[in-house]
Every structure is written in structure tokens, then in C-alpha cells.
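**Q** Generate coordinates for the sequence data below:
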Amino acid sequence: MKKLAIITGAGSGIGRATAILFHKNNWDLLIIGRDPVKLAETKKLCIHGSGQIHVEPCDVGNESQVKTLASKMSLLHPESIALVNNAGIFKNHQVGEGGSELWLNQFQVNLFGAVFMLQQILPLMNIQFPHSIVNVASTLGLRPTAETSAYSASKAAMVNWTQSLALGLGAKNIRVNCVCPGIVDTPIQAFNRQPPDEKSKSLEQLKSLQPLGRVGTPEEIAESIYFLASENSRWTTGAILSVDGGINLA
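**A** Presented below is the predicted three-dimensional model:
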């Protein structure tokens, strides 16, 4: 069976680690992101599998770009499709602060980008074959903080949307699940914009917040995404999986 993994936000972090893992397991890849240079770097790192790799720069928050992408996807003719909606943006702000642009931008990418992708890919999912969708939300979508209300709201919406899709798409042989990462060492985190010594201090301070005593790695989130996307979880749909070192319990 010809299997295709479509991964958004694949230019770095969790998306890159997920692409590498799918390729290692011999899936064909369609890797999507806004930066073609970073996507090319991801492709170079996919060295341990036999699947084909297709690279498509695209801003998933731009519906017209996603529609253009869909016309290219239709030429790939996969049998089984795994869609990983990983693309996201993050901006801190205090409660009551942040204008409409801050809210609209985060919802446009974090939620509507995933909606646009699904709308275009759904017609390509032949009911004769199993398909899966994994949405990457956040523990902040389950337990928000005062400084992340826009981001948290967008991810909470994604959690709810995941379960709506699971109810509506099961009869079409499509499973839909959600991964909620905690604090992971990726470019989206502010500590990755600090000098190395300051980053080390920040990571040390964050240890006390985690029952498992450290922040996560992109590869650890990728393992959970792959499990939910693959036939290893063929009896699982509508699941919301926290992969967060236990921070949601702290």
C-alpha cells in the first residue's frame, strides 16, 4: 500500500523530526512550510528511508496557497494518507492586551491553517483505504496561562475540533487524533533566542516545572505523532494525548 505523510511546519522542530521518522519508516513525504531553505534542510536529513520526498513551500494560513497546493497533491495518487497538522505560531501577551491582529494571526495559522489543509485533502482520501489525521495542539490548549490566552484559545479550539472530526469522519475510514506537547526544545520557544549560557539557565529553571525533570525533545513528540498516524493505533480515534513530561499535572 502506497502511504503518504503530509506534514505542515516541517522546516524545523517537531515537524522536521516527524518527517524524518516517517521517512525512516518508508513513507512517502510531502513536507510543507513557509521557508524553502529550511524545507530543503529537512529533506537532506531524511536519509534512512526509501520513500519519495516532495517539498512544497506554502503558508497554510493562506487559503489560496493551500488550494494551489491541493492541485499538486492530487497528482501524487497515494492510497493511505496521514495528515499531520503541525504548523503553528506563538506570541505571549498579557490578559486584555494584544490587538485583533495578534489574535487573528494565531488563529489563522494554528487553527484555520489545519482546517484549510483538511478541506483540500479530504477529497483525496479514498474510503477503501485507511487514513489518519493528527493535529498538534498544546497542553496550553488544555490548561492555559494568563500570558497565552490567544495561543491557548486557538489550541483549545483545535482539541475540540479534533473530536468533532473523529465523530464525523470515522465512517469514511479516517481516524483523527491530537497530540498536546508540553515545553519542547524547538525554535518556537523564547529560550532558543537566548545566548547559550542564558538558555542553559532557562532550561535549568524549567526543570522544576516538569514531574519528569526536563523539557521534551522534538523526537519524543514525533514518536507520539507517528503512533497515532500509523496503523499501530488503528483502533484509536478522538484521542487527546498529552506528551508533556507531566507538566499538565503539576
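
**Q** where does the chain have low pLDDT?
**A** For the chain, the stretches flagged by pLDDT under 70 are 94, 96-98.

**Q** can you give me the strands for it?
**A** Per DSSP state E, the chain carries strands over the ranges 3-8, 28-33, 53-57, 80-85, 131-136, 174-181, 240-243.

**Q** can you redo those strands as JSON lines with mean neighbour count and distance to A40?
**A** For the C-beta atoms, the positions are set from N, CA and C on the backbone; glycine is no exception. Output for these, formatted as JSON lines (neighbours: other C-beta atoms under 10 Å; distance: least, C-beta to C-beta, whole Å):
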{"stretch": "strand 3-8", "mean neighbour count": "27", "distance to A40": "15"}
{"stretch": "strand 28-33", "mean neighbour count": "26", "distance to A40": "10"}
{"stretch": "strand 53-57", "mean neighbour count": "17", "distance to A40": "7"}
{"stretch": "strand 80-85", "mean neighbour count": "26", "distance to A40": "19"}
{"stretch": "strand 131-136", "mean neighbour count": "27", "distance to A40": "22"}
{"stretch": "strand 174-181", "mean neighbour count": "26", "distance to A40": "25"}
{"stretch": "strand 240-243", "mean neighbour count": "19", "distance to A40": "28"}
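
**Q** contacting residues around I7?
**A** By C-beta atoms under 8 Å, 6 or more residues apart in numbering, the residues touching I7 are G15, T18, A19, F22, L29, L30, I31, I32, V84, N86.

**Q** Can you tell me who it pairs with across the strands?
**A** Note on I7: beta-bridge partners by DSSP bridges are I31, V84.

**Q** how close does it sit to R214?
**A** 25 Å (C-beta to C-beta, to the nearest Å).

**Q** One more: R234?
**A** 32 Å.

**Q** ok, now G33?
**A** Look at G33 and R214: by C-beta to C-beta, they are 27 Å apart.

**Q** R234 and R214: which is more packed in?
**A** Neighbours per residue, other C-beta atoms under 10 Å: of R234 and R214, the larger number sits with R214, 13 against 10.

**Q** what's the closest non-adjacent residue to E41?
**A** G11 (7.4 Å; C-beta to C-beta, 6 or more residues apart in numbering).

**Q** hang on, that neighbour packs against L39?
**A** Yes. With contact defined as C-beta atoms under 8 Å, G11 reaches L39; the gap is 5.1 Å.

**Q** which neighbours do those two share?
**A** Common neighbours of G11 and L39 (C-beta under 8 Å, 6+ apart) are I31, G33.

**Q** Ignoring the adjacent residues along the chain, who's closest to K172?
**A** When the adjacent residues along the chain are set aside, K172 lies closest to I127, with 5.4 Å between them (C-beta to C-beta, 6+ apart).

**Q** With that, I have no additional questions.
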